[in-house]
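Trainee: everything below, folded, please.
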Amino acid sequence: MASATEAINALFLILFLQHLLFTTANDSIPVPADWPQQFHSVLFINRSGNLRKTDLWYDWPNGRNFNIVQNQLGVLTYDLEWDNGTSFYYTLQPFDKTCKIMHFDVGILRPSWLDGANYLGQESVDNFLCNVWEKVDFITYYEDVLTRRPVKWIFFDG
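Mentor: Take a look at the predicted model:
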């Protein structure tokens with residue numbers, strides 16, 4: 001018959017193993033990295049054959065996001081977004097200058113905009129092993145496992 005000390009040791013071992021299993025399971029779910037406070041990124045976008053290249057400058061401390069959009073065979077368009085929700089879309093063609101002002105209540109994305117995203121697992125994208133998250137049912141975000149840099153994001157817009 002086991003002594004009381006052996007029974008207590010066995011109980012502690014079982015509780016320790018349960019704790020270890022639970023902690024390991026929770027620690028294995030990655031959390032997306034916050035975006036850097038400032039960065040420049042070049043994006044290549046294909047919306048069902050509508051190709052474009054976007055130079056994106058993100059500047060959280062100064063409350064602005066600037067995109068230079070070159071549609072394939074199209075006019076160069078500038079998109080300046082401010083944290084107060086004001087956005088300016090303009091062109092600088094010599095005989096076709098345009099400017100459109102829009103307001104979006106949300107302003108620019110916070111560096112922690114992925115907080116609360118649903119982890120979907122890992123996927124290989126363009127030779128990067130990525131952690132994948134979904135946010136608010138229309139954004140899928142891919143982050144490189146090794147560097148934690150953004151690799152791809154998909155915004156469903158209908």
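Trainee: quick one: average confidence on stretch 70-90?
Mentor: In this model, stretch 70-90 has an average pLDDT of 93.
Trainee: domain-wise, how is this structure divided?
Mentor: 1-30, 33-113, 116-158 (automatic domain parsing).
Trainee: helices or strands next to the helix or strand harbouring residue 81 in the packing?
Mentor: Assigned by DSSP states H and E, residue 81 belongs to strand 76-82. For strand 76-82, the contact count by 3 or more CB pairs under 8 Å, 6 or more residues apart in numbering; DSSP states H and E identifies strand 64-71, strand 86-93 as packing neighbours. In this view, the C-beta of every residue, glycine as well, is placed from N, C-alpha and C.
Trainee: at 10 Å instead, please
Mentor: When contacts are defined as 3 or more CB pairs under 10 Å, 6 or more residues apart in numbering; DSSP states H and E, strand 76-82 sits against strand 50-59, strand 64-71, strand 86-93, strand 96-103.
Trainee: residue 153: which of those strands is closest?
Mentor: Nearest to residue 153, of all those, is strand 50-59, at 11.2 Å by CB to CB.
Trainee: flag every buried residue along the closest one.
Mentor: Buried residues in strand 50-59, counted by 16 or more other CB atoms under 10 Å: 54, 58.
Trainee: how far off strand 64-71 does it point, in degrees?
Mentor: Angle of strand 50-59 versus strand 64-71, following axes from the mean of the first three to the mean of the last three CA atoms, to 10 degrees, is 160 degrees.
Trainee: parallel or antiparallel, list what pairs with strand 50-59.
Mentor: With DSSP bridges as the test, strand 50-59 is paired with strand 38-47 (antiparallel), strand 64-71 (antiparallel).
Trainee: now it: mean pLDDT?
Mentor: Across strand 50-59, pLDDT averages out at 93.
Trainee: with stretch 38-46 instead?
Mentor: 90.
Trainee: what lies in contact with it?
Mentor: The contact list for stretch 38-46 (CB atoms under 10 Å, 6 or more residues apart in numbering) reads 35, 51-62, 64, 66-69, 71-72, 111, 149-150, 152-153, 155.
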